[in-house]
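Asks: Here's a sequence, model it:
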Amino acid sequence: MKLPKAVKLKSGVYRIQLKLGGKSVMVYGDTEAQARKQALLVKSEHLAGKVVQTKCRYTVTQAIDKYIADHKLSPSTVRGYRCIQATVFRDAMQMNAGDVNWQRMIDNDAHAPKTIKNAWGFIASVLKHVGISPPNVTLPQVVKNERPFLQPEQIPKFLDAIRGQNCEIAALLGLHSLRRSEILDMTYGDVDLNSGVLHVRGAAVLNADGELIHKSENKNAASTRDVPIMIPRLTEILSKEPEMHKPDDYLVTTYPNGIYKDINRICAANGLPEVGVHGLRHSMVSLSYHLGWSELATMKVAGYSDYNTMRKIYTHLADEDKKKNVAAMQKFFAAN
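Replies: Residues are numbered from 1 along each chain as shown. Alright, predicted model coming up:
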């Protein structure tokens, strides 16, 4: 029986495309021989008037679509899932969800280990949702990189560098512990200069189409908070000509990635760690530790809901202080 030529995909899987009854049917195999054998079976059963039974009635793409449609997800979460769908395990997307050799897909994917790990976590949930038990797989080892942040002694230099820059308000809000999504949702009506407080109430995130969507709720309950204005420069900026702004006007109107790029550009030009937006939040935690704040006080201002997350950051900062203390002691004895 004549068959089309098998095509080897980047993942190492072989694919044969059959035309049966005017429809295109994809058949896959771990080897060319397996693909041909499966294609012969499918074609024979079609000629005999039978319907080939598959393990699942969804392709991976269809299973992902169903998972997203069946769950109430935030726009940013959907955006993340669509990104995985478009870029990771691409050879698997049009395959039957029950026929994929996922270990092969993982082994042959060129993305970073953390990306693969996150993608597999999502795919495993998708498979469960359509009634397929995810196989046990071996994931690449993820090497944890500490997020860069500004040390207390670097913050004054950063404040000088951002003065008058387009990203200054966003950066100052970041140093007040606000997440990027919170920064983008802040309006002039959320600022109480008389009391010296920022009312953090909502979030702005990108949806799957790259559009900024404003939500009334934050990341978690603890994120809804009042943050005292602690940097005089922020009060100075927001006090200028307040009548020019309506309460519903946003403090920051730059596209999300633009803020990240501007901050990193300024940091690089001034010999500072490229901390991005979230690194400024971490920098605030570093400064609060340096100034002797309690963990509870930092959690309340920064809007952390997980004590363990806060503890990990404080432990890391304690280790950094220990290194500095040892270095100071070594320098003392070296000079005497």
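Asks: And the residue positioned nearest the centre of the chain, which helix or strand is it part of?
Replies: Centroid-nearest residue in the chain: residue 80, 7.0 Å away (criterion: CA atoms, centre = their mean). Element membership for residue 80, per DSSP states H and E: helix 75-87.
Asks: Buried residues, that helix. List them.
Replies: By neighbour count on 16 or more other CB atoms under 10 Å, the buried set for helix 75-87 is 75-82, 84-85. Heads up, the C-betas are built off the backbone N, CA and C, glycines and all.
Asks: Skip the chain neighbours and tell me the closest residue to residue 274.
Replies: Leaving aside its sequence neighbours, residue 274 sits nearest to residue 264 (CB to CB, 6 or more residues apart in numbering; 4.1 Å).
Asks: What of residue 38?
Replies: Once flanking residues are discounted, residue 38 sits nearest to residue 27: 4.9 Å by CB to CB, 6+ apart.
Asks: Check which helix or strand that neighbour maps to.
Replies: strand 23-29.
Asks: Now whichever helix or strand comes after that strand: buried residues?
Replies: Downstream of strand 23-29, the next assigned helix or strand under DSSP H and E is helix 32-47. For helix 32-47, burial by neighbour count (16+ other CB under 10 Å) applies to 35-36, 38-39, 42-43, 46.
Asks: residues in contact with helix 32-47?
Replies: Here helix 32-47 makes contact (CB atoms under 8 Å, 6 or more residues apart in numbering) with 1, 3-4, 6, 8, 14-16, 18, 20-21, 25, 27-29, 51-52.
Asks: Name the nearest of the buried residues of helix 75-87 relative to residue 163.
Replies: Nearest to residue 163 among those is residue 76, at 31.0 Å by CB to CB.
Asks: Near the closest residue to that closest one other than its chain neighbours, how many other residues are there?
Replies: Nearest non-adjacent residue to residue 76, counting by CB to CB, 6+ apart: residue 205, 3.6 Å away. Using other CB atoms under 10 Å, residue 205 has 21 neighbouring residues.
Asks: just for the stretch 101-250 of the chain, where's the confidence low?
Replies: Within the stretch 101-250 of the chain, the stretches with pLDDT under 70 are 144-146, 218-220, 241-243.
Asks: just the strands in it please.
Replies: Secondary structure of the stretch 101-250 of the chain (DSSP state E, counting those that start in this stretch): strands at 191-192, 197-200, 203-206, 212-215, 225-228.
Asks: List the neighbouring strands of the first one plus their orientation.
Replies: Taking DSSP bridges as the criterion, strand 191-192 sits next to strand 197-200 (antiparallel) in its sheet.
Asks: Let me see the contact set for residue 268.
Replies: Listed by CB under 8 Å, 6+ apart, the contact set of residue 268 reads residue 274.
Asks: The strands of the stretch 101-250 of the chain into JSON lines, with extra columns for distance to residue 240?
Replies: Converted to JSON lines, these look like this (distance: least, CB to CB, whole Å):
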{"stretch": "strand 191-192", "distance to residue 240": "12"}
{"stretch": "strand 197-200", "distance to residue 240": "17"}
{"stretch": "strand 203-206", "distance to residue 240": "24"}
{"stretch": "strand 212-215", "distance to residue 240": "25"}
{"stretch": "strand 225-228", "distance to residue 240": "20"}
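Asks: Go through the strand holding residue 27 and flag the buried ones.
Replies: For strand 23-29, by 16+ other CB under 10 Å, it's 27-29.
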